[in-house]
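> test case, fold it:
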Amino acid sequence: MKIESLREVKNNFSSVIEQLSETGPVVITKNGKSRAILLPVDESTDLESLLLSASPRFWGLFDRAAKSKAWTALEDV
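Presented below is the predicted three-dimensional model:
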């Protein structure tokens, strides 16, 4: 993982994108605080799972479902 300032990423965007497969994720900072992340993506990347894993709305729905009694045990299927 690499950490870069927004200014550096803006000035070298094409280079940063080209190097993602080697550097891995790049955390972008502004005024010393993390603001965004660039992730390498290839044909095996599951974008839906990636987006859901970062979604507070999804996790809220998941938590509500987990607390309900509506779960079916695997043995009962």
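
> and L20, how close does it get to S34?
For L20, the distance to S34 under the criterion Cβ to Cβ, to the nearest Å works out to 17 Å. (Each C-beta comes from the backbone N, C-alpha and C, glycine too.)

> please say which of the two ends up with more neighbours.
Higher neighbour count among L20 and S34: L20, with 16 against 10, using other Cβ atoms under 10 Å.

> from P56, how far off is the more buried one?
Spatial separation of L20 from P56 under the definition Cβ to Cβ is 26 Å.

> and what of I37?
16 Å.

> what ranges do the strands span in this protein?
Counting by DSSP state E, the chain has strands at residues 2-5, 26-30, 33-38.

> could I get those as a markdown table with distance to K69 and mean pLDDT?
Compiled in a markdown table, those are given as follows (distance: least, Cβ to Cβ, whole Å; pLDDT from 0 to 100):
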| stretch | distance to K69 | mean pLDDT |
| --- | --- | --- |
| strand 2-5 | 45 | 96 |
| strand 26-30 | 41 | 97 |
| strand 33-38 | 37 | 96 |
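
> how about the helices in this structure?
Secondary structure of the chain (DSSP state H): helices located at 6-11, 13-23, 47-53, 56-67.

> considering these, which stretch scores lowest in mean pLDDT?
Taking each of the helices of the chain in turn, the one with the lowest mean pLDDT is helix 56-67, at a mean of 88.

> what residues sit buried inside it?
Taking 16 or more other Cβ atoms under 10 Å as the neighbour-count basis, helix 56-67 is seen to contain no buried residue.

> returning to what we had before: can you say which of the strands of the chain is nearest to T72?
Nearest to T72 among the strands of the chain is strand 33-38; the distance by Cβ to Cβ comes to 36.3 Å.

> helices or strands up against that closest one?
Using 3 or more Cβ pairs under 8 Å, 6 or more residues apart in numbering; DSSP states H and E as the contact criterion, the elements in contact with strand 33-38 are helix 13-23, strand 26-30.
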